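K.L.:
quick one: sequence plus predicted model below, questions after.
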Amino acid sequence: MIPPGKVLCTAGIIVGLLAFFWRDTFNPDSISGARVLLTGASAGIGEQMAYHYSRFGAEIVLTARRETLLQKVTEKCLQLGAKKVFYIQADMSSPQAPEKVVQFALQKLGGLDHLVLNHIGGTPFQMWDGDVEHTRWLMQVNFLSYVALASAALPILAESKGSLIVVSSLTGKISTPFTISYSATKFALDGFFSSLRHELAMQKQDVCITLCILGLIDTEMALEKTRGKVYMSAYPAAEAALTIIKGGATRAREVFYPWWLELLCHLRDWFPNQRDVVIQSFYNYTSA
């Protein structure tokens, strides 16, 4: 029998290590005056990030497809305390959009400290139906435009020793049903930006890449698509947005929201058959 004192000592060490690795080192002052380009900023998590950055006193360029919504977000950002706010309407399914957006941000802000890649294309939440053309379009929006934006901004971020913040998903770490095309784009993000992180380090370029792994978030789009199909809780977009911003500001390698996703990702290759059964149990599927 293990002595109670040794059990308590071991538990104390584990708790101490968890507290050390998950401690909050974020300093809001580090965002004040920071030059931020934020994509997908008209609604959902992107909108909430815009408001957080504004409260911290950042200078922001917002971009999304819907100009009317961008105008409303811009107005609120100014009310919340943003030092500067500009917006540019852009559709990331166009290969020309990323360069245009980065050049606009450089013109308005004079440089960049944070590039936040957050936009996504709409995709059905359903079984794979063989629609290759939709997958090709989604790869352009969710992956290739991220690559193009990052490539255009890297020289600027290298000058400022800035941060490249990539918003991804649990479905880019662990495969799930009903999200085949979406999941493929998120796995691609992980592969590209994790490899890019190696190359930047080898070239001694001080650009931080933060990959953000999110679970189900209570955005209007996510809730509408998953209603009646997923047996799991949705987490608040405002809290997810703040977690992303903190991760980029503290130059974290990866951030997870909710926090327990990190444990899930570490365990993903243990007992794969049992894991898949558990994952499938969260989804409601009735064959025709």
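P.N.:
Cool, the structure landed.
K.L.:
give the next helix or strand downstream of the top helix by length along the chain.
P.N.:
Using DSSP state H, we find that the single longest helix of the chain is helix 180-202. Next along the chain after helix 180-202, taking DSSP states H and E as the criterion, comes strand 208-214.
K.L.:
any residues touching that following strand, and which ones?
P.N.:
45, 162-170, 172-173, 189-190, 193-194, 196-197, 200, 240, 243-244, 247-248, 251-257, 261-262, 265 (CB atoms under 8 Å, 6 or more residues apart in numbering). No exception for glycine: its C-beta is placed from N, CA and C like everyone else's.
K.L.:
now that strand: mean pLDDT?
P.N.:
If you average the pLDDT over strand 208-214, you get 98.
K.L.:
hang on, Phe86 in a helix?
P.N.:
No. Counting by DSSP: H, G, I helix; E, B strand; the rest coil, Phe86 falls outside a helix, being strand.
K.L.:
wait, it touches Gly110, no?
P.N.:
No. With contact defined as CB atoms under 8 Å, Phe86 does not reach Gly110; the gap is 11.9 Å.
K.L.:
which one's more surrounded, the two?
P.N.:
Phe86 (19 against 10; other CB atoms under 10 Å).
K.L.:
for Glu67, see how far away the more buried one is.
P.N.:
13 Å (CB to CB, to the nearest Å).
K.L.:
and Val36, its phi and psi?
P.N.:
phi -120, psi 130 (degrees, to the nearest 10).
K.L.:
give the bridge partners for it, please.
P.N.:
Ile60, His114 (DSSP bridges).
K.L.:
surely it and Val61 touch.
P.N.:
Yes. Using CB under 8 Å, Val36 is in contact with Val61, at 7.2 Å.
K.L.:
what's the longest helix of the chain packed up against?
P.N.:
helix 132-139, helix 145-160, strand 163-169, strand 208-214 (3 or more CB pairs under 8 Å, 6 or more residues apart in numbering; DSSP states H and E).
K.L.:
look at Val36 and Val61 and report which has more neighbours.
P.N.:
Using other CB under 10 Å as the criterion, Val36 and Val61 rank with Val36 on top: 31 against 26.
K.L.:
okay, the angle between the helix or strand where Ser54 lies and strand 208-214?
P.N.:
Element membership for Ser54, per DSSP H and E: helix 44-55. Interaxial angle, helix 44-55 versus strand 208-214 (axes from the mean of the first three to the mean of the last three CA atoms, to 10 degrees): 130 degrees.
K.L.:
list the contacts of helix 44-55.
P.N.:
Contacts of helix 44-55 (CB under 8 Å, 6+ apart): 31, 34, 36, 38-41, 60, 62, 64, 69, 73, 76-78, 80-82, 85, 116, 118-119, 167, 214, 217, 219-222, 237-238, 240-242, 244-245.
K.L.:
grab the nearest non-local neighbour of the residue most central in space within the chain.
P.N.:
When CA atoms, centre = their mean is applied to the chain, the residue found nearest the centroid is Val167 (1.4 Å). Excluding the flanking residues, the one nearest Val167 by CB to CB, 6 or more residues apart in numbering is Asn118, at 4.3 Å.
K.L.:
isn't the one you found right next to Thr39, touching?
P.N.:
Yes. Taking CB under 8 Å as the definition, Asn118 is a contact partner of Thr39 at 5.3 Å.
K.L.:
how about low-confidence regions in the protein?
P.N.:
Residues of the chain that meet the criterion pLDDT under 70 lie in 1-23, 286-288.
K.L.:
apply 50 and report the result again.
P.N.:
1, 7, 10-20, 288 (pLDDT under 50).
K.L.:
overlap in contacts, Val36 and Val61.
P.N.:
With CB under 8 Å, 6+ apart as the test, Val36 and Val61 reach no residue in common.
K.L.:
follow-up on the earlier one: can you list contacts of the longest helix of the chain?
P.N.:
With CB under 8 Å, 6+ apart, helix 180-202 has contacts from 120, 123, 128, 131, 134-135, 138-139, 141-143, 146-147, 150, 164, 166, 168-169, 171-173, 175-176, 207, 209, 211, 253.
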